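1. A structural model of the following input is requested.
(one chain, ligands or ions: 2)
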Amino acid sequence: MKLPAPRLALTLGDPAGIGPEVILKALSKLTKLDEITVVGSRQILQQTYQQLRASTITMQKAIDPEQLQMIDIDIDVDKITPGMGNAASGAASFAYLETAIAHTLAGEFDAIVTGPIAKHCWKAAGHHYPGQTELLAERAGVNRFGMLFVAKSPHSGWTMRTLLATTHIPLRQVPDTLNPDLLSRKLDLFVECLEQNFGIQTPKIAISGLNPHSGENGQLGTEEKDWLIPWLEEMRDRYPHVQLDGPIPPDTLWVKPAQTWFGTGNYGHDGYLALYHDQGLIPVKLMAFDRAVNTTIGLPFIRTSPDHGTGFDIAGKGLANGASMKAALELAMDIVPHNSAAQKKG
Ligand SMILES: NC(=O)C1=CN([C@@H]2O[C@H](COP(=O)(O)OP(=O)(O)OC[C@H]3O[C@@H](n4cnc5c(N)ncnc54)[C@H](O)[C@@H]3O)[C@@H](O)[C@H]2O)C=CC1
Ligand SMILES: NCC(=O)COP(=O)(O)O
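-> Ligands and ions are numbered 1, 2, ... in the order given. Model (predicted):
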C-alpha cells in the first residue's frame with residue numbers, strides 16, 4: 001500500500017541567523033514542495049531572497065518565497081538585523097517553533113524540521129530552555145528523548161548515527177550526570193529507533209568510555225570500572241540480539257567510523273553512544289559538517305534539524321551552505337513512512 005507523502009512543518013529558526021538563507025537554498029534543490037509548510041515570517045524570507053539575488057558571491061541558487069506555503073507569523077521586522085541575534089529574534093524563533101509544535105500535535109504535520117536558533121536569544125526573550133529539543137519534548141509530554149545525529153557519507157554511502165547521552169550541560173557536570181539509569185534509557189531509545197526509523201533489527205552499537213583509555217583499569221578514572229563495564233554486561237543480557245561494544249577508549253573510538261566514512265575500510269557500527277556533547281559532535285562535525293542532521297528521538301512525531309547553528313558571523317552575506325538543511329528535510333521525508341509503518345505494526 002502506498003503511504004501518503006509526509007507533511008512537513010519547516011521552522012525558520014532565528015530570523016537574524018542563516019536559517020532563512022539555508023531554507024531558501026535547500027528548498028531550491030527539492031522537487032516535492034507541496035507537502036512542506038514554512039512556519040516563520042514571509043517578510044524575512046523576502047528580504048533574504050532579495051539579498052541573495054543582489055549578492056555577487058552566493059554560489060547556491062535560492063527559491064522565490066512566493067512559491068512556498070507558509071504559516072506567516074507577524075513580527076517587528078525592524079528589530080531584526082542579520083548577524084545580530086537579540087531578544088526580538090529569540091522571541092520570533094520561539095514563536096515559530098511553538099506554532100509548528102501546536103499544529104503538529106493537532107495532527108496537521110507528520111514531522112517538524114527546525115531552522116537553527118540561538119539559545120542565548122531565547123534566554124534574552126525570557127524562554128529558559130537549553131535548546132529546541134527540550135521544548136519539543138515538554139510540549140509533546142515525553143520525558144524519554146534523545147539527541148541523535150545522522151549523516152550519510154558521500155564517499156562510501158555508509159550512515160553514521162551518533163546518540164549523545166548528555167547534551168547541553170557544562171562539562172564539569174558530565175560525570176555526575178551520567179549513571180546506569182540514564183544510559184539504559186538512552187540505549188532503550190537507540191535500539192527502538194534503529195529498528196523503527198532505520199529498519200535495523202540486530203544492530204551493532206559502540207559505546208564510548210569517559211576517561212582517557214577508558215580509565216586504564218581505574219588508573220585514569222574509575223567510572224568505567226565502577227559502573228560502566230558492569231552496566232554494559234547487564235545490557236548484553238537485556239539485549240541478546242544487539243552487539244554492544246565498549247567502553248571503547250574515546251580517542252580511538254572514532255578511527256573506524258572515519259575509515260568507513262571515507263571508504264578506506266568497512267568497520268562501522270550502526271550506532272555510536274557518546275557520553276557527552278563534544279565527545280560525539282567533534283568527530284561528527286569534522287567528518288560531516290555539511291551534511292549531518294540532528295534528530296530528536298522519542299517524540300510522537302519526527303523532528304530533524306541541520307547540525308549547524310545560527311552562523312551569526314556569516315548571516316546576510318550569502319555564504320551559508322544549505323546542504324545540511326537539505327539533508328534534514330530529506331531525512332524527515334525518508335523516516336516518516338518507516339515510523340508510521342512501525343507504529344501501525346506495534
Ligand atoms: N540546531 C540548532 O538550533 C543549533 C543551534 N546552535 C546555536 O547557534 C549559535 C551559534 O553557534 P556556533 O557554535 O557558532 O555554531 P555555528 O554552527 O552557528 O557556526 C560555527 C561556524 O560554522 C560556520 N557555519 C555554520 N553553518 C554554516 C553553513 N550552513 N554554511 C557555512 N558555514 C557555516 C559559521 O560561520 C561558524 O564559523 C549558538 O547560539 C548555538 O547555541 C548551534 C548548533 C545547532
Ligand atoms: N549541538 C546541537 C544543538 O545545539 C541543537 O540543539 P537543539 O536546539 O536542537 O536542542
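2. how about the residue in the stretch 101-250 of the chain that ligand 2 sits nearest to, what does it touch?
-> Residue of the stretch 101-250 of the chain nearest ligand 2, by Cβ to the nearest ligand atom: Gly131 (2.6 Å). Quick note: C-beta positions are derived from backbone N, CA and C, even for glycine. The contact partners of Gly131, taken as Cβ atoms under 8 Å, 6 or more residues apart in numbering, are Ile117, Lys119, Thr167, His168.
3. strands of the stretch 51-200 of the chain, start to end?
-> Along the stretch 51-200 of the chain, the segments classed as strands by DSSP state E, counting those that start in this stretch run 69-72, 111-114, 146-152, 159-164.
4. between the two ends of stretch 259-273, how far is it?
-> One end of stretch 259-273 to the other measures 18 Å (Cα to Cα, to the nearest Å).
5. residues in contact with it?
-> So stretch 259-273 is contacted by 153, 155-156, 158, 160-163, 165, 183, 186-187, 190, 194, 198, 200, 203-208, 243, 245-246, 253, 256-257, 280, 287-288 (Cβ under 8 Å, 6+ apart).
6. return only those of the contacts of Gly131 found close to ligand 2.
-> Ile117 (Cβ under 6 Å from any ligand atom).
7. got a quick ChimeraX command for the buried subset of the contacts of Gly131?
-> Buried subset of the contacts of Gly131, written as a ChimeraX selection, criterion 16 or more other Cβ atoms under 10 Å:
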select :117,119,167
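8. could I get the contacts of Gly131 as a markdown table with distance to Glu224?
-> As requested, the contacts of Gly131 are exported to a markdown table (distance: Cβ to Cβ, whole Å):
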| residue | distance to Glu224 |
| --- | --- |
| Ile117 | 36 |
| Lys119 | 31 |
| Thr167 | 21 |
| His168 | 24 |
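9. about what we covered before: what subset of the contacts of stretch 259-273 is buried?
-> 153, 156, 158, 160-163, 165, 183, 186-187, 190, 194, 198, 200, 203, 205-208, 246, 253, 256-257, 280, 287-288.
10. looking at these, which are in helices?
-> Leu183, Lys186, Leu187, Phe190, Leu194, Lys256, Pro257, Gly280, Met287, Ala288 (DSSP state H).
11. right, and the fifth one touches Ile200 too?
-> Yes. With contact defined as Cβ atoms under 8 Å, Leu194 counts as touching Ile200 (4.3 Å).
12. for ligand 1, what are the nearby residues on the stretch 201-346 of the chain?
-> So the stretch 201-346 of the chain meets ligand 1 at Asn294, Ser305, His308, Gly309, Thr310, Gly311, Asp313, Ile314, Ala320, Asn321, Ser324 (Cβ under 6 Å from any ligand atom).
13. which bits of the stretch 1-150 of the chain sit near ligand 1?
-> Ile18, Val22, Pro116, Ile117, Ala118, Lys119, His120, Gln132.
14. tell me the pLDDT of Ala342.
-> Per-residue confidence (pLDDT) for Ala342: 62.
15. same question, Ala92
-> For Ala92, pLDDT reads 98.
16. picking up where we left off before, quick check, nearest of the contacts of Gly131 to His338?
-> Thr167 (24.4 Å; Cβ to Cβ).
17. can I get the residues of the stretch 1-150 of the chain next to ligand 1 in CSV with distance to Thr222 and pLDDT?
-> Conversion of those to CSV gives the following (distance: Cβ to Cβ, whole Å; pLDDT from 0 to 100):
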residue, distance to Thr222, pLDDT
Ile18, 43, 98
Val22, 44, 98
Pro116, 38, 98
Ile117, 38, 98
Ala118, 37, 98
Lys119, 33, 97
His120, 35, 97
Gln132, 35, 98
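18. redo these as JSON lines? Include distance to Gln219.
-> As requested, those are arranged in JSON lines below (distance: Cβ to Cβ, whole Å):
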{"residue": "Ile18", "distance to Gln219": "45"}
{"residue": "Val22", "distance to Gln219": "46"}
{"residue": "Pro116", "distance to Gln219": "41"}
{"residue": "Ile117", "distance to Gln219": "42"}
{"residue": "Ala118", "distance to Gln219": "41"}
{"residue": "Lys119", "distance to Gln219": "37"}
{"residue": "His120", "distance to Gln219": "39"}
{"residue": "Gln132", "distance to Gln219": "40"}
